[in-house]
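*Asks:* quick one: sequence and predicted model below, then my questions.
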Amino acid sequence: TSHSAYGRFNAQGEPIQPMRWFFYGAPVYEPDLVVDPENDVHVTFDANSTDGYPPCPDNALCYLGTSFNAAAYDLNRSDLGVDAAHLSFEPLIARWGGTLTITTTVFNEGWTASPASTLLVALTTEDGTRVAETQGNISSLAPHQSQNFPNLSLSLTTNPPAGLEEMEYLRLLLEVDAAGSIPETSEQNNRLSIPILVQKLPTRTGLFLIVEDESLVARDLENMIRTLGYEACGIASTADEALILRTRPRTRRCNWRDGPSGI
């Protein structure tokens, strides 16, 4: 017949997955079917028509199988993608109010040139909420050509969104052709999402840096902070020590023993 189907079945003869149909407009000649150890079906046959899909030349040995996606062999498709091997970013720990610099590469492993497109780069929460994002312009890429993006910057807000103050990591998302407007041999490599550490804002630990040239007064201040349920990130008696210990100073005296002063 000119209509045939192939697929995988259980012991009762029921299809395990939806059957795959092919139509060549002419009978399928001398079909051979093999099931491999992975339970994938492989079919070879002769045909004398090029009307079917995927294309098969006249009088050629044709092949279909459950382990292959017909789109992957469509010679009219490109294949844009990103991968973890060509991704780097700094700093390794993102900080609220800071900037994350990303370097990545977009490649075309398809059969034809890809049209111009865009690369989405974003920091997201686990549920997909974007807290920062930017885009890069992807040029038309010939088959096996790639484009490097060396300095994509993401600027984080000074404060995290409400309810995310205790968050310890975000996800760095890269996605090409997010709208899915380009026919490709595979969509699996269009999107990459990896976890990235984010420094929590000081809440109860390390909120205060005490700068005091009288040690007894400094200890009194430290005890006062502890009674409120907080911890000091350090005690400094000079400006130089304060610069070494500081994280985000909140309070200090105007005049220090070694000279420099100010708030």
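*Replies:* In hand now; what should we look at?

*Asks:* now do the residue lying closest to residue 86 once chain neighbours are set aside against residue 96, distance only.
*Replies:* Spatial nearest neighbour of residue 86, excluding adjacent residues (CB to CB, 6 or more residues apart in numbering): residue 105 at 3.8 Å. Every residue, glycine included, has its C-beta placed from N, CA and C. Using CB to CB, to the nearest Å, residue 105 is found at 28 Å from residue 96.

*Asks:* quick one: stretch 117-125 to chain centroid distance?
*Replies:* 8 Å (CA atoms, centre = their mean, to the nearest Å).

*Asks:* what mean pLDDT does that stretch have?
*Replies:* For stretch 117-125, mean pLDDT is 93.

*Asks:* just stretch 136-146 next, same as before
*Replies:* In this model, stretch 136-146 has a mean pLDDT of 93.

*Asks:* how long is that stretch end to end?
*Replies:* In stretch 136-146, first residue to last residue: 14 Å (CA to CA, to the nearest Å).

*Asks:* so for residue 180, what's the nearest residue that isn't a sequence neighbour?
*Replies:* What sits nearest to residue 180 in space, not counting adjacent residues and going by CB to CB, 6+ apart, is residue 187, at 7.1 Å.

*Asks:* for residue 161, that is, sorry about that
*Replies:* Distances taken as CB to CB, 6+ apart put residue 131 closest to residue 161, at 6.2 Å, once the chain neighbours are dropped.

*Asks:* wait, doesn't that neighbour sit right on residue 154?
*Replies:* No. Using CB atoms under 8 Å, residue 131 is not in contact with residue 154, being 9.0 Å away.

*Asks:* name the residues contacting each of the two.
*Replies:* residue 123 (CB atoms under 8 Å, 6 or more residues apart in numbering).

*Asks:* in the helix or strand containing residue 151, what's buried?
*Replies:* Assigned by DSSP states H and E, residue 151 belongs to strand 146-155. Neighbour-count burial for strand 146-155, counted by 16 or more other CB atoms under 10 Å, picks out 147, 149, 152, 154.
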